[in-house]
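Asker: Got a sequence here, can you build the structure:
(chains A and B)
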Amino acid sequence: MSAAGAPNLELVSHAVAGRRVLVAEDSPTTHEILKLLLTQRGHHVDIATDGEQALEALRLNRYDVALLDFHLPKMNGLRVASTVRSELHGRDLPKLVAITADLPGLLAHTEDCENFDLVVAKPLDIYRLGQLVEEQAELRDEQQTESLEPGSSQLAPSPVRAAVPSTVRQPFAVEGLGYDFLLWPEDIDVRRLSARAMQATLGDPRFDAILVTQPLSVEALTSLWERKALYVLPVVDLTGTLGRMADFDGTDLGATETEQLGRLVRDFQDRRARLHRDLLFSEKLGEKLLARMFVANRPLTAAFDPRYRHLAAYDVPLGRRLVTREAEALCEHGLVKREFFERFHICPSCDSYRLHVREECSQCRSSNLSEEQYLHHFRCAFQGPEGDFRRGDELICPKCHHELTHFGFDYDRPGTMIMCGSCGHAASEPSVGFVCLDCGVHTDSDLATTRDVFSYHLTDQGISFAEKGGAVLGYTRDVLRFADLPLELVVALNAAAKLYNEDKTPFALVNILYRNESEVAAEYGARRFAQARDLFIENLRNALPKPSTVVKGQSHDFALLEAIGPDQAQVDFDHLKERAGRTLSVDLGVMLQAFGPEDFS
Amino acid sequence: MWQTTSDGITYLLSQSGESLLRLFWFVAIFEIPRYTLGFVSVAALSFRPNAERRHVAGADRVTVLIAGHNEEDSIERCVQSLLEQSRPPDEIIVVSDGSTDRMPEKLRQLQERALIKEGHCTQVRSGKSAAVNLALRRATGDVVINVDCDCTFDRHALKKIIEPFVDPRVGAVAGNIIVGNADRSLMTRFQAIEYLISISQGKQAADLIDQMTCVSGAFGAFRRAALNRVGGLDAGGGEDLDVTLRLRSAGWRTLFAPEAICYTNAPETLAVLVRQRFRWERDAVRLRYRKHSGLMNPFSSSFSVPELLHEIEFAIFNVGAAIIFPIYIMWLFATYGDLALMVLIGAQAGMLVLDSATFVLAALVSPKVKALPLAPYVVGYSLFNGFVMRFVRLAAYLQEWVVEASYRDTYVPSKVHRVRR
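Answerer: Have a look, this model is predicted:
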């Protein structure tokens, strides 16, 4: 496969501006690699092999970023950082990034740790590190521009404290507990992030939680997910408005709650440290959600919440619709699995789930119903509502005027009638209907469509993805990987490849993707999707020219066309899709991708 | 044996008219008049101007009432066939009478699909009369039509059955009932012939002289006001005969609509047929001689000449014939010894001729019945009706008189039997 293995040298062209970087690292291998990498990206790199050298270099030169190993000979990284921070200010002070294999060891020095702008765990992801250095440098630029703007407050000695706005505000009780909170809306809100918050988006492990101090909407919370790394911080809600979406309700803080908060922050810290950086800095919402599930160490649990039109909310600070969409996509890749929560009926007019259920008249839909028992007078076969018989406390047959005196011998009550007070219609049982509480539209119960809501659990695969990153999956979405192919196909493919090698007989491997899988499954159920997919495959098998092989895969299917090249194959795709999809009652959103022998070199 | 036969034939051929009458007095008294009545009526029918009843009666609102017990399989087909009518009903009301199958669910579906207006379900069985009365109370039509679930209808059946109601004196109209499963078995073929003669033709004839006395429960129409005035149906069985007699007593005319055709499934086996006829005959006896005995009593307020006519007809040709027939046979053997058998055969031969003639005539006035395939079975029918059914009738009458068996029919719930009039 093409782009799978070899390092991609194209990265060079991405470098924006050359930065000056100091690398303090005692291992020659590491600093050689770092130097090579950073130089390739267009940066100027100096090397220091112990703490004293590093301090010296920092005092002499002006760097944008300094990468300091924690365990340096002569003077450790922590001391270098604290010294530098006390001596240098403003433009002279570079961004200090700690590199360590002993993350807990470093974090134990809570105080000194604050002297670093960022902590990066070993083993290093060298590609990521290049990006990181650039991000840090940009951040530094921004902060310095900020501080130079007239009227803005001066940078405080510690950059961590610097971004806290100086507006006078009574601190919340929870702030006195010694955690490092990012405040909403001071540090994070919909439009902007403070420098501290940006720091956090770089994965800085010092931040403990996000503290929500003002009521905010579900939509606003989405901004947490548009950035990196913020979504793995616990959310502490002081407003009481987030409900289950927050990880901790900080409105009432007693001894037990304080202890719980401590445990929560610690657990998040630990799990965050175990999270692979692929997921910490992912661009994809689905992966972010998976990261969040992993760090929070609990499934995405749906629960009733009458405040929302869709009646269900998940215990993450993200709207139900996005959670569902992303979780379903993760399901398809086997990273999470569903657990049925509830089936909701949906208003056909406004899509709300808030439906009022009622018994009603099948004719006029009024709920003004009353139940009337009817009596059967055996002697004359009159059968009618009890009201017809009532004369004071006596029951007199309206037909033969005999008094009914003996239940079971004169008469009995064979059944009931549901009478409508609005239109007079009578039925043996009431209909059931819904009235939408949001738009007032009425629906018959059997006409209302339903939608299933699920909770989601991480699968073992999902957990190892969270811990080991994208490499563990062996494939990325929509890109063909050999390992993902069914055995049957591999055999056929080998045969085709052999032919190709012998006499250049071309072949085309067609990858069949179903883009509408989640929509179809949500609308009609997964079984219906599977049936439609089987039918499509069967139709395709018949529609394809021989010789060809159609093989069912996991998340997508394949067709191997012999004696025909990918370009040739592509010509027929629209026609094939049309023919094979003609008898299907749902639109699978089929996408066909053709690969030829060249793609397998 | 051969000697006896030839002797018998010689003997029969040597008789004069007067002595023949002495031999075949049973046939002369109980059979000839009945057939003569039939022939005369057919002649009259063929001369009757056909357009007499062609009035437009579209303004009347029509309700169809269906009462059924465990009819989950047939109810939908029945309703569909009603909605296929050239003159569809304005409303259909169905009562599931204590069904234990999925009929209530079926009714709910039909109602949801707006095929029926109302469907009611009793939890315990009340009997057909009570079920119809419940539906009647919910009906809003000027004419209510009572049908059985297992019936299907000619496309114009409803239009034809409501036409006579143009005459305000008409209280009820009987539909023409044809056996729909004639080709199923010998028994159903015999019954097809029987229905053709006794209903398709017989009721037409009776109608001519205002003697149509039973609006069958399988397919009958009633003026709702008239039916309500007599209190709806009384506790069964035989409620169809009963309500017709009561309507007539109340002064309403009851007519027959030969073109209002309904197809019913006749019992396919002898055992079921016999059980059905036992029930019918017992109920007829109970109603005519117990409940409606006043019709024959000149001092009763309900006495009237037209009612007396059909009571006498029933007394002579049904009850009388059934009782006298065995006596006739015994008399024959006592008087003529070996020759009696030949006399009987001779009598049967004569009957066969009469039956065949009747069959042909009935077929002529009932063009909707496919009579030709039934023709070969007329011989069998004649024997079956002359011997088997006559004894079935006799047994039913005796049973009813001696042990009042109709009071134990399972057609009516036992709780009703206890107190029914």
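
Asker: Spell out which parts of chain A neighbour chain B.
Answerer: Within chain A, the residues that sit near chain B (CB under 8 Å from any CB of the partner chain) are A:362, A:374, A:376, A:378-385, A:399-400, A:408-410, A:412, A:414-415, A:417, A:425-429, A:431, A:446. (Each C-beta comes from the backbone N, C-alpha and C, glycine too.)

Asker: where exactly do the strands run in the stretch 1-150 of chain A?
Answerer: Assigned by DSSP state E, counting those that start in this stretch, the stretch 1-150 of chain A shows strands spanning A:20-24, A:44-48, A:65-69, A:95-100, A:118-121.

Asker: Of the ones you listed, which is nearest residue B:255?
Answerer: When those are compared by CB to CB, strand A:118-121 sits nearest residue B:255, at 101.8 Å.

Asker: And that closest one, what's buried?
Answerer: For strand A:118-121, the neighbour count (16 or more other CB atoms under 10 Å in any protein chain shown) marks A:118-121 as buried.

Asker: Please give the number of neighbouring residues around the residue of the stretch 51-200 of chain A found nearest chain B.
Answerer: Relative to chain B, the nearest point of the stretch 51-200 of chain A is residue A:190 (49.4 Å; CB to the nearest CB). Neighbour count for residue A:190, taken as other CB atoms under 10 Å in any protein chain shown: 14.

Asker: That one touches residue A:218, doesn't it?
Answerer: No - using CB atoms under 8 Å, residue A:190 is not in contact with residue A:218, being 11.9 Å away.

Asker: Compare the strands of the stretch 1-150 of chain A and say which comes out lowest on pLDDT.
Answerer: Ranked by mean pLDDT, those bottom out at strand A:118-121, with a mean of 74.

Asker: Outside of it itself, which residues are in contact with it?
Answerer: A:67, A:95-101, A:103, A:106-107, A:113, A:129, A:132, A:136, A:199, A:202-206, A:273 (CB atoms under 8 Å, 6 or more residues apart in numbering or on different chains).

Asker: Repeat that for stretch B:39-48.
Answerer: With contact meaning CB under 8 Å, 6+ apart, stretch B:39-48 is reached by B:201, B:204-206, B:208-209, B:357-358, B:361-362, B:364-365.

Asker: same thing with stretch B:302-311?
Answerer: B:206, B:209-211, B:213, B:245, B:248-249, B:288, B:292, B:294-297.

Asker: quick one: which of those residues is nearest to residue A:194?
Answerer: Out of those, the member with the shortest distance to residue A:194 (by CB to CB) is residue B:245, at 99.8 Å.

Asker: isn't the closest one right up against residue B:292?
Answerer: Yes - at 5.3 Å, residue B:245 counts as touching residue B:292 under the criterion of CB under 8 Å.

Asker: Neighbour count: those two, which is higher?
Answerer: Just comparing residue B:245 and residue B:292: by other CB under 10 Å the higher neighbour count belongs to residue B:245, 24 against 20.

Asker: looking at this, the more buried one is in a strand?
Answerer: No - assignment of residue B:245 by DSSP: H, G, I helix; E, B strand; the rest coil gives helix, placing it outside any strand.

Asker: what about the stretch 301-421 of chain B, any weak spots by pLDDT?
Answerer: Low-confidence segments of the stretch 301-421 of chain B, defined by pLDDT under 70, are located at B:405-408, B:420-421.

Asker: give me the number of residues near the residue lying closest to residue B:246 once chain neighbours are set aside?
Answerer: The shortest distance from residue B:246 to any residue other than its chain neighbours is 4.7 Å, reached at residue B:230 (CB to CB, 6 or more residues apart in numbering or on different chains). Residues contacting residue B:230 under the criterion other CB under 10 Å number 21.

Asker: could you pull out the helices for the stretch 201-350 of chain B?
Answerer: Secondary structure of the stretch 201-350 of chain B (DSSP state H, counting those that start in this stretch): helices located at B:202-208, B:224-229, B:239-249, B:270-286, B:305-313, B:321-336, B:339-365.

Asker: Output those helices as a markdown table; include the columns distance to residue A:461.
Answerer: Listed next are these as a markdown table, based on distance: least, CB to CB, whole Å:
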| stretch | distance to residue A:461 |
| --- | --- |
| helix B:202-208 | 82 |
| helix B:224-229 | 73 |
| helix B:239-249 | 74 |
| helix B:270-286 | 68 |
| helix B:305-313 | 89 |
| helix B:321-336 | 88 |
| helix B:339-365 | 82 |
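
Asker: Quick check: which of those helices is nearest to residue A:516?
Answerer: Nearest to residue A:516, of these and by CB to CB, is helix B:224-229 at 58.0 Å.

Asker: Give the other helices and strands that the closest one contacts.
Answerer: helix B:128-138, strand B:143-147, strand B:170-179, helix B:239-249 (3 or more CB pairs under 8 Å, 6 or more residues apart in numbering or on different chains; DSSP states H and E).
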